[in-house]
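Q: dropping the sequence and predicted coords here.
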Amino acid sequence: MSLAFMKCYSCKRKIIFKAFKQIFQMVDFVSTLIILLALVVIYRRFSCGQRCALVIVQGDLGRSPRMLYHTLSLLNRGYQVNLMGYVDSPLIPEILHFKTLKVIGLTTPLSRSSSRLSYVYKALQQMFYLALGFLKCDKPSVVILQNPPSIPTMAICAIFRYIYGYVLIFDWHNYGYTLLGIALGSTANALYEISKKYEKFCAQFSDFNFCVSKAMQKDLHENWDIRSTVLYDKAPQRFRELKGSDRTDFLKSQPYLEDVVDDFDAGSSKRAMLVVSSTSWTEDEDFSILLEALVKYDKTVSTSSNSEKSYPKLVCVITGKGPLKNFYLEKIKKLSLENYVTIRTPWLEAEDYPKLIGCADLGICLHTSSSGLDLPMKVVDMYGCNLPVCAVKYNCISELVEHEQTGLLFQNAEQLLKHLMRIAVTEYGNTNNVLNRMRSNLRKINDHRWDQEWDEKAWPIIKTAN
């Protein structure tokens with residue numbers, strides 16, 4: 001018994017010593033790893049990062065024009081620019097020839113369901129991919145982050161701010177928590193409240209802030225004590241009005257207009273107006289308003305017996321892609337349209353989108369802000385082409401659209417229908433031409449473009465980072 005006990009005791013000692021040895025080896029490994037990470041941090045913190053900028057979008061880069069314009073402006077100022085985001089759509093051609101541009105594609109996180117737990121799982125994946133992206137990029141002296149999305153980008157940028165020592169600028173397009181409220185279907189939700197507190201907390205770590213409207217500037221200051229600079233969206237030079245043969249040639253080159261292109265000829269007996277709307281097909285744009293107005297226009301004009309008034313056919317081109325596109329495509333298929341309305345829903349390449357807008361007669365904007373504080377970029381693009389707009393009325397839209405001067409505001413399908421009827425009959429009836437008057441007003445104010453706005457508002461702030 002004594003011998004057996006000693007053997008058992010000896011075996012246990014060996015097992016214990018082996019376990020301790022493995023633990024010490026693991027501690028040595030962890031210590032080594034920590035030291036290596038510390039050396040990387042020190043190197044990154046104090047290595048040269050002059051004239052290097054990082055522009056971050058936790059979204060599709062090709063569908064984030066404002067951040068691409070930031071990138072182009074920085075490149076033109078001689079910066080080396082790291083552009084980080086999802087590379088799902090083509091980038092604007094103006095930035096692609098710069099050798100000082102480095103695109104860092106983020107991996108799209110797996111999203112298996114729409115449950116609340118999946119939001120947490122998705123955020124953890126995004127944290128990992130963003131951290132990996134930071135390690136891949138050159139050390140920046142300035143970081144410009146698009147917000148929203150807020151989770152987890154604001155926190156990750158704040159953490160790496162202490163590692164790299166860069167100037168951190170948040171570019172406020174909206175509030176992330178208000179968009180989450182729409183996605184969740186309710187603001188009476190724990191995730192909504194957590195998101196709001198998180199966004200407010202992370203906002204304190206920025207060095208400077210840009211925002212898209214005076215209304216947002218006021219809200220940031222009054223509610224979160226955040227001072228910001230209003231950097232209005234402005235169209236770049238590639239957005240311009242197309243006339244004559246330029247217009248005709250482009251329209252004839254578009255396959256989705258092949259069967260109606262001759263109707264745009266001023267001498268055509270059918271006469272057609274080109275109406276354009278762009279969208280991300282999300283919950284904050286109710287396209288049923290436009291579809292209802294188009295159906296009523298078609299029926300009204302088809303049954304009109306007034307020989308003194310002539311109404312054109314409307315060719316409505318809706319471009320873009322997003323989560324609700326298939327839902328609305330099914331609704332469009334079921335519409336009962338006669339002869340006066342045609343709807344097309346193409347996806348356009350980056351170089352064709354401004355040309356289509358430049359050819360259009362009227363723009364439609366159905367954007368309603370989740371916060372009531374942001375302004376629609378699509379209207380800015382349309383104004384760059386001197387294109388009058390019919391836009392949904394909400395809190396701060398008057399900062400961009402002057403009713404009766406540069407566009408017309410509406411709140412429902414009936415009001416939009418009235419605008420369409422008024423514009424259509426005056427455009428081709430030669431009485432009180434509304435569109436030409438608004439185009440003329442736009443031409444007078446259209447000299448101020450993105451380059452000038454950025455040089456006046458953004459550059460004085462960014463250059464302090466060096």
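A: Done, it's in.
Q: any buried residues in stretch 199-214, and which?
A: For stretch 199-214, the neighbour count (16 or more other CB atoms under 10 Å) marks 199-200, 202-203, 206, 208-213 as buried. Where C-beta positions appear, they are placed from N, C-alpha and C, glycine not excepted.
Q: tell me, how many neighbours does the closest residue to P93 other than its chain neighbours end up with?
A: Counting by CB to CB, 6 or more residues apart in numbering, P93 lies nearest to E351, which is 5.9 Å off, once chain neighbours are set aside. Counted with other CB atoms under 10 Å, residues neighbouring E351 total 12.
Q: so where's this protein shaky on pLDDT?
A: 1-50, 111-116, 266-270, 305-309, 426-432, 466 (pLDDT under 70).
Q: what's the longest strand in it?
A: Longest strand in the chain, counting residues (DSSP state E): strand 52-60.
Q: what packs against it?
A: helix 65-76, strand 80-86, helix 116-136, strand 142-147, helix 153-164 (3 or more CB pairs under 8 Å, 6 or more residues apart in numbering; DSSP states H and E).
Q: going by neighbour count, list what's buried in the first one.
A: Taking 16+ other CB under 10 Å as the basis for neighbour counts, the residues of helix 65-76 that come out buried are 65-75.
Q: just to revisit the earlier point, residues making contact with the longest strand of the chain?
A: Contacts to strand 52-60, defined as CB atoms under 8 Å, 6 or more residues apart in numbering, come from residues 64, 67, 70-71, 74, 79-89, 106, 126, 130, 137-146, 149, 153, 157, 166, 462.
Q: can you map out the helices along the stretch 151-300 of the chain?
A: Per DSSP state H, counting those that start in this stretch, the stretch 151-300 of the chain carries helices over the ranges 153-164, 176-184, 190-203, 214-224, 244-253, 288-302.
Q: what's the neighbour count on G322?
A: 14.
Q: picking that back up, buried ones among the contacts of strand 52-60?
A: Buried among those (16+ other CB under 10 Å): 64, 67, 70-71, 74, 79-87, 106, 126, 130, 137-146, 149, 153, 157, 166, 462.
Q: how near is P149 to F201?
A: According to CB to CB, to the nearest Å, P149 stands 16 Å off from F201.
Q: again with K99
A: 39 Å.
Q: what does N209 give?
A: For N209 relative to F201 (CB to CB), the value is 15 Å.
Q: what's the answer for K243, then?
A: 52 Å.
Q: so what's the nearest residue to K196 once chain neighbours are set aside up against?
A: Distance criterion CB to CB, 6+ apart; nearest residue to K196, sequence neighbours excluded, is Y177 at 4.1 Å. Neighbouring residues of Y177 by CB under 8 Å, 6+ apart: 150, 192, 195-196, 198-199.
Q: equivalent analysis for A190, please.
A: So A190 contacts nothing (CB under 8 Å, 6+ apart).
Q: please name the nearest non-neighbouring residue to the residue most central in space within the chain.
A: Nearest to the geometric centre of the chain sits S64, at 4.2 Å (CA atoms, centre = their mean). In this structure, S64 finds its nearest non-sequential neighbour in V57, 4.5 Å apart by CB to CB, 6+ apart.
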